[in-house]
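Q: With the sequence up front, the predicted model follows.
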Amino acid sequence: MPLQVGVVGAGIGGLSAAIGLRRAGAEVEIFERSTFKNEVGAAITITPNGSRILDSWGFDHVKARVVEAKNLRMVDAHTLESAFVGDLKDVHTKFGANMGFYHRVDLHNTLKAMAESQEGQPGKPVTIKLGLGVVDVECEAGTIILSDGSKIVKDLVVLADGIRSRFVSKVTGKEEPLKEMGWSAYRCLIPMKDILSDDSTRPIFENQPAGYWTPFYLPDAFYMVAYPCRANEMLNIALRHTTQPKDRDKEDWNSPASHQDVLELLKNYNPLMGEIIKKAPDIKIYKLLRREPLETYTKGRAVIVGDAAHTILPTHAQGAVMAIEEAAALEVLFDGVAESSQVAPRLQLYSRLLKKHIHVIQHLSDTIPGTRDEYRQRAEELCDEGLFHHSAMNFTVPVQDFFYGFDVRKEIMSGMKEADMI
């Protein structure tokens, strides 16, 4: 009988894990408390180390309305003069996959369709139960307790319920609190036609290869990142800044912000950034949070993945990518496994093999690019070699080599051979 798997949460991490385990031969059931009636979100980047996995699954990038990333333009926030221009068009040749920009909803919907598809994927289609939350789990027994009071026992439980997961302490045995970093991010989506119809903003994006446009000013730790998504119909904006006193109580990822708040932040920088922001139909704000890296990612029959397992800031665009990598790791570990007795030892191997990698990526995501702060130093302590110089800026070649060259499947296969699991 195939392994019976229960996944808590149907976000990008939960859906990816479900696809990977379906492909491994398991029967997968997802429990999601929401109903997906009012999906929201901004854009998201999938770098080649994640795209390679999606490609191997037969992911339909066109259906997901991808915009292929071709370049990086880092500009002075005061003058908008180029500080660095990088070429991303050769990443496929170098790393075996493209780098793509997606609207989060488009990526999510395409993954959901893959998970539930009757065709095009090996294994039995994933069952997704919406409007049914999980209130508790028993990791050793593989028991899931649902909001309707029922209990379900699974061979393997995947906890993928997001950054505010209720179950981290169930895995680690202690409280693992989220902490504010003192930064927040404004985000918005602007119709690209509105940008291109304005004589003042058109030259920034017209006749430019699709990619990042990043005004920055290191002394203020100021970053504004703009890139297209949804088949080039929308421009995604994210703007990191020091959390303002009036925003300290905002907990929701979709808390509203005013145009005036953003314009006030931008008043000391080039006015063209303000002209772009004025075109946003609405603006959201969220606080950047971190949790100390976990000492274990598994307990008994349970594994915690994605944002639930690690807070990854958007610094290097590795948050969703790591969730996809972890799904691929589970796919390799449980390929063809049908015996429930193999679950716990294989999960222990998962945690042992990926722990260092997760910790390093988490520290690097917390680091202000171009600096050697506390988090960068912690990453250096874990890395014997191969870490890019601290002065390297986001998405430059040394950074690409470090992140995009990582092959999670090879890491897992190598570890399984050493553990005599192959």
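A: Received it, and whenever you're ready, just let me know what you need. What you are looking at is a predicted structure, and each value in this text was computed from that prediction instead of being measured.
Q: can you name the farthest residue from the center of the chain?
A: Residue farthest from the centre of the chain, counting by CA atoms, centre = their mean, is Asp199 at 34.8 Å.
Q: if I've got this straight, it is in a helix?
A: No - looking at Asp199 with DSSP: H, G, I helix; E, B strand; the rest coil, it is coil, so not inside a helix.
Q: Could you number the chain from 36 rather than 1 from now on?
A: Sure, I'll start counting at 36 from here, so that last one is Asp234.
Q: State the distance from it to Gly309.
A: Relative to Gly309, Asp234 is positioned 16 Å away (CB to CB, to the nearest Å). C-beta here means a position set from N, CA and C on the backbone, and glycine is covered the same way.
Q: What of Pro244?
A: From Pro244 to Gly309 the distance is 25 Å (CB to CB).
Q: Same drill for these two, tell me which one is more crowded.
A: More crowded of Pro244 and Gly309, by other CB atoms under 10 Å: Gly309, with 16 against 13.
Q: sec struct for that one, please.
A: helix.
Q: List the contacts of it.
A: By CB atoms under 8 Å, 6 or more residues apart in numbering, Gly309 lies in contact with Val297, Leu298, Leu301, Lys302.
Q: I'd like to know which of the residues you listed are buried.
A: Val297, Leu301 (16 or more other CB atoms under 10 Å).
Q: Give me the three-state assignment for the residue nearest to Lys189 when sequence neighbours are not counted.
A: Sequence neighbours aside, Gly41 is the residue nearest to Lys189 in space, at 3.9 Å (criterion: CB to CB, 6 or more residues apart in numbering). Here Gly41 is recorded as strand under three-state DSSP.
Q: Am I right that Gly41 is in contact with Ala195?
A: No - counting by CB atoms under 8 Å, Gly41 does not reach Ala195; the two are 10.7 Å apart.
Q: who's more crowded, those two?
A: Ranked by neighbour count (other CB under 10 Å), Gly41 and Ala195 place Ala195 first, with 30 against 26.
Q: if I read this right, the more buried one contacts Gly341, doesn't it?
A: Yes - the criterion here is CB under 8 Å, and Ala195 meets it with Gly341 at 5.0 Å.
Q: Which neighbours do these two have in common?
A: Gly44, Gly46, Gly48, Gly49, Ala52, Ala358.
Q: Report all helices and strands that the one helix or strand Ala261 maps to contacts.
A: Using DSSP states H and E, the element containing Ala261 is strand 257-264. Other elements packing on strand 257-264 under the criterion 3 or more CB pairs under 8 Å, 6 or more residues apart in numbering; DSSP states H and E are strand 78-81, strand 102-103, strand 135-138, strand 246-252, strand 269-277.
Q: Can you get me a residue count around Ser204?
A: Neighbour number of Ser204 under other CB under 10 Å is 12.
Q: List the strands paired with the least confident helix or strand in the chain by mean pLDDT, with their directions.
A: In the chain, no helix or strand scores lower on mean pLDDT, DSSP states H and E than strand 117-122, which sits at a mean of 90. Strand 117-122 has its sheet partners listed here by DSSP bridges as strand 106-111 (antiparallel).
Q: Touching the partner strand from outside, list them.
A: Contacts for strand 106-111 (CB under 8 Å, 6+ apart): 116-124, 243-252, 428-431.
Q: got the angle between that strand and strand 257-264?
A: Calculated by axes from the mean of the first three to the mean of the last three CA atoms, to 10 degrees, strand 106-111 forms an angle of 150 degrees with strand 257-264.
Q: Name the residues of strand 106-111 that are buried.
A: Asn106, Leu107, Arg108, Met109, Val110.
Q: And the helices in the stretch 136-285 of the chain?
A: 139-151, 203-207, 227-231, 237-240 (DSSP state H, counting those that start in this stretch).
Q: Mean confidence (pLDDT) on the longest one, please.
A: Over the span of helix 139-151, the pLDDT mean works out to 97.
Q: try the shortest one
A: Computed over helix 237-240, the mean pLDDT rounds to 96.
Q: Does anything pack onto it? Which helices or strands?
A: Against helix 237-240 (3+ CB pairs under 8 Å, 6+ apart) you get helix 227-231.
Q: go on, the first one?
A: The contact analysis (3+ CB pairs under 8 Å, 6+ apart) places helix 139-151 against helix 47-58, strand 78-81, strand 162-165.
Q: what comes up buried for it?
A: Arg139, Val140, Asp141, Leu142, His143, Asn144, Thr145, Leu146, Lys147, Met149, Ala150, Glu151.
Q: if we can go back for a sec, tell me the buried residues in the least confident helix or strand of the chain?
A: Those would be Ala118, Gly121, for strand 117-122 by 16+ other CB under 10 Å.
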